[in-house]
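**Student:** Got a sequence here, can you build the structure:
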Amino acid sequence: MKDIWVPEYIATTLFDDSAVLLDLRKNVYYALNGSAADFWNSMTQTGEFEEALKQVLSQYEVDADVVRKDMESLVSSLLKVGLIHRVPSGS
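**Tutor:** Here you go, the predicted structure:
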């Protein structure tokens, strides 16, 4: 079940190892590198935190707890600036 969605006012450009996110309402852009860009790409495709986390873990040989903590922090930051929203419970 989807738990995260990207609003229509966010434009994304993906590169080999980075992503640029543009908030079209504010004309502000954000850059994501490495695993954060990979997580963004997976999350926008699946709409699910856990599935995106699994995909990132399959790409990197790092401790799962560290990646989870880092991606939870990333999601928190993305929520704060309005680049993503949580799907309301029961939707």
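
**Student:** in the protein, which residue is closest to the centre?
**Tutor:** Central residue of the chain (Cα atoms, centre = their mean): Trp40, 3.1 Å from the mean position.

**Student:** Tell me the spacing between that residue and Ser89.
**Tutor:** 23 Å (Cβ to Cβ, to the nearest Å). Quick note: C-beta positions are derived from backbone N, CA and C, even for glycine.

**Student:** ok so, going back, thought Ala19 was touching the residue nearest to the centre of the chain, still the case?
**Tutor:** Yes. Using Cβ atoms under 8 Å, Trp40 is in contact with Ala19, at 5.1 Å.

**Student:** hey, what's in contact with both of these two?
**Tutor:** Common contacts of Trp40 and Ala19, defined by Cβ atoms under 8 Å, 6 or more residues apart in numbering, comprise Thr12, Leu32.

**Student:** Look up the closest residue to Ala37, ignoring the ones flanking it.
**Tutor:** Of all residues not flanking Ala37 in the chain, Ala19 sits nearest, at 4.0 Å (Cβ to Cβ, 6 or more residues apart in numbering).
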